[in-house]
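# I would like the atomic coordinates for the input below:
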Amino acid sequence: MPELLEIQSGAIPVVHQRERPTGLLEGTLIRTEDGDRPVEYLLAGDRIVTRDNGLCELRGTSTLVACDIDVIAFLPADAKPDNPEVEPQLVVPAMQQVAVDDWRANVVFERDTLATPAGSLVDGKRVRREKRKLVRLFRLHFDSPQMIVSNDFFLASEKTRAPEPFSGTDTDLFDEDARPPRNRMH
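Below is the predicted model:
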């Protein structure tokens, strides 16, 4: 179970690289019925553009904080790869599923399209691996998994419905007697 980060409005789960986090970094633009909007402003009920199902109603979002994780930065196609000043077109966690529908899907997997972790696409030039100390990740939940549109990329949504909101008042979460016993070596 992830540790919890205390904030004024409650608690947010904290994960690390070993937990292979997925989600969308704050500021990631998501294509909606009303145009591109930052992921942190999306709410249940918003209609999101998807690759296979057109507009789909967002059922909810969840947030977590990731510490010391690998992220993948995709540079714009027209950028000079040796220029460190170029702003990435998209940045996602290394394990975030990204749709590939170019020569890589055909040559490597003999398929027209596939979803693969962003980290598997690193080429050191236009797709780079970076380390981030602390990022807030947003997860989008639908009735079924979707491929959503972000900066001309297709990214996988979460596979589950949104969790119930955490009220921050459930004392059982912090009560030592309520925790399961720890495994101890004898």
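
# measure the spatially most central residue of the chain to residue 85 for me?
The chain has residue 23 as the residue nearest its centroid, 1.2 Å off, counting by Cα atoms, centre = their mean. Residue 23 is 27 Å from residue 85, where distance means Cβ to Cβ, to the nearest Å. Where C-beta positions appear, they are placed from N, C-alpha and C, glycine not excepted.

# residue 112 too?
35 Å.

# neighbour count: those two, which is higher?
residue 112 (10 against 6; other Cβ atoms under 10 Å).

# isn't the more buried one up against residue 104?
No - using Cβ atoms under 8 Å, residue 112 makes no contact with residue 104, being 11.3 Å away.

# OK, contacts around the residue nearest to the centre of the chain?
Residues in contact with residue 23 (Cβ atoms under 8 Å, 6 or more residues apart in numbering) are 64, 66, 93, 96, 137, 138, 139, 158.

# of those, which belong to helices?
Of the contacts of residue 23, none are assigned to helices by DSSP state H.

# pLDDT score assigned to residue 95?
On pLDDT, residue 95 comes in at 93.

# surely it and residue 115 touch.
No - applying Cβ under 8 Å as the test, residue 95 and residue 115 come out as separate, 11.6 Å apart.

# picking up where we left off before, excluding its backbone neighbours, what's nearest the residue nearest to the centre of the chain?
Leaving out its chain neighbours, the residue that sits closest to residue 23 by Cβ to Cβ, 6 or more residues apart in numbering is residue 137, at 3.0 Å.
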